[in-house]
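Chemist: The sequence isn't on hand, but the structure is:
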Ligand SMILES: Nc1nc2c(ncn2[C@@H]2O[C@H](COP(=O)(O)OP(=O)(O)OP(=O)(O)O)[C@@H](O)[C@H]2O)c(=O)[nH]1
Ligand SMILES: [Zn+2]
């Protein structure tokens, strides 16, 4: 048995694949019931044999992207520099998920990019119009067709460790497969090695795109709890709200029904979308609920 460090390149939640400096890959378990490791983590391991290792601890993380509800948190990816929020015209995407992912990124100091996929479809016009709201507040939006032309996305990936997030069906796997032709083959091979049966999108996987760019494909997200955030920081981290922060009559304004609330006024004036205010209120409630549970 020997001690060394490695990088988690696949996370199945409880079982991991780690890559050593020399490129060798080992299946890795954890000590006890510990599962708070994520794809992209650098970890201290004990190598058991040519195939197996045990993870002792995670080394210091530059960033950590995770979601949480009142009961538990779930790590999405570690050490990423960019979150690529994949949306599409069909099936219709959720503003809720975009809003939450943008907040998670801002909270964790990670760059965010909205990627509109399936632009070959005529329905894209409606999706593009919905995304104009985010563009207006300087959230970058890039348009692609994973099936036809990925090139507009490429400059955004250079020099970044990106994680793809999105609802199921938006085209994350199609993007990954277009970027990394051997991705499919490798996933199947790993699943086989772990005896985990058929490849499903239940795991996160890290791929090297080129010398400077890496990509993590994560499972489709239906929900994105942010119970770990601070309620007061929400408007600071939302680009449409932040210009109004500090302008309310009361310094402890919760932007609910207080008189002289600059954010409510901006919504009434049409400068902030009502759905964004509702999102903030829902998150305030979730955070409050979680804090009363501890
Ligand atoms: N027309 C069109 N269809 C696409 C495009 N990209 C993906 N699709 C289709 O959209 C469907 C969903 O794509 P996936 O890549 O499986 O979506 P996903 O986001 O990985 O979904 P999960 O694996 O469930 O998380 C598939 O039928 C794809 O063929 C595109 O650029 N244009
Ligand atoms: Zn206010």
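Modeler: That came through fine. Keep in mind it's a predicted model, so treat the numbers as computed, not measured. Residues are numbered from 1 along each chain as shown. Ligands and ions are numbered 1, 2, ... in the order given.
Chemist: Counting neighbours, what do you get for the residue nearest to residue 159 when sequence neighbours are not counted?
Modeler: Using C-beta to C-beta, 6 or more residues apart in numbering and skipping the chain neighbours, the partner closest in space to residue 159 is residue 212 (4.7 Å). From N, CA and C alone the C-beta is placed, and that goes for glycine too. For residue 212, the neighbour count with other C-beta atoms under 10 Å is 11.
Chemist: I'd guessed residue 212 sits against residue 162; true?
Modeler: No - taking contacts as C-beta atoms under 8 Å, residue 212 lies outside contact range of residue 162: 11.3 Å.
Chemist: residues touching the residue nearest to residue 159, list them.
Modeler: For residue 212, the contact set (C-beta atoms under 8 Å, 6 or more residues apart in numbering) comprises 158, 159, 160.
Chemist: Which pLDDT value belongs to it?
Modeler: Turning to residue 212, the model gives it a pLDDT of 94.
Chemist: From residue 81, how far off is it?
Modeler: 11 Å (C-beta to C-beta, to the nearest Å).
Chemist: Could you name every residue contacting both of these two?
Modeler: Joint contacts of residue 212 and residue 81 (C-beta under 8 Å, 6+ apart) are residue 160.
Chemist: Adding distance to residue 229, pLDDT and neighbour count, write the contacts of residue 212 out as JSON lines.
Modeler: Converted to JSON lines, the contacts of residue 212 look like this (distance: C-beta to C-beta, whole Å; pLDDT from 0 to 100; neighbours: other C-beta atoms under 10 Å):
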{"residue": "158", "distance to residue 229": "30", "pLDDT": "97", "neighbour count": "12"}
{"residue": "159", "distance to residue 229": "28", "pLDDT": "97", "neighbour count": "12"}
{"residue": "160", "distance to residue 229": "23", "pLDDT": "98", "neighbour count": "20"}
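Chemist: Ligand 1: which of those residues is nearest?
Modeler: residue 160 (19.6 Å; C-beta to the nearest ligand atom).
Chemist: Run a quick check on that closest one versus residue 83, I expect a contact.
Modeler: No - counting by C-beta under 8 Å, residue 160 does not reach residue 83; the two are 9.9 Å apart.
Chemist: Overlap in contacts, the two.
Modeler: residue 111.
Chemist: Which stretches in the stretch 151-294 of the chain count as strands?
Modeler: 161-165, 204-208, 214-217 (DSSP state E, counting those that start in this stretch).
Chemist: In contact with residue 238, which residues?
Modeler: By C-beta under 8 Å, 6+ apart, the neighbours of residue 238 are 99, 102, 103, 106, 276, 280.
Chemist: Of all the residues in the stretch 51-200 of the chain, which one is nearest ligand 2?
Modeler: Residue nearest to ligand 2 within the stretch 51-200 of the chain: residue 103 (17.7 Å; C-beta to the ion).
Chemist: do the stretch 101-250 of the chain as well
Modeler: Closest point on the stretch 101-250 of the chain to ligand 2, by C-beta to the ion, is residue 248, at 3.4 Å.
Chemist: Help me confirm that that residue comes into contact with residue 257.
Modeler: No - counting by C-beta under 8 Å, residue 248 does not reach residue 257; the two are 11.9 Å apart.
Chemist: What residues does this protein have near ligand 2?
Modeler: 248, 253, 255, 261, 263 (C-beta under 5 Å from the ion).
Chemist: Check which helices and strands the longest helix along the chain sits against.
Modeler: Assignment by DSSP state H gives helix 274-293 as the longest helix of the chain. Secondary-structure packing of helix 274-293 (3 or more C-beta pairs under 8 Å, 6 or more residues apart in numbering; DSSP states H and E): helix 95-107, helix 234-237, helix 262-268.
Chemist: List the contacts of the last one.
Modeler: Under the criterion C-beta under 8 Å, 6+ apart, residues 235, 241, 244-245, 247-248, 253, 255, 257-258, 272-274, 277 lie in contact with helix 262-268.
Chemist: That'll do, ta.
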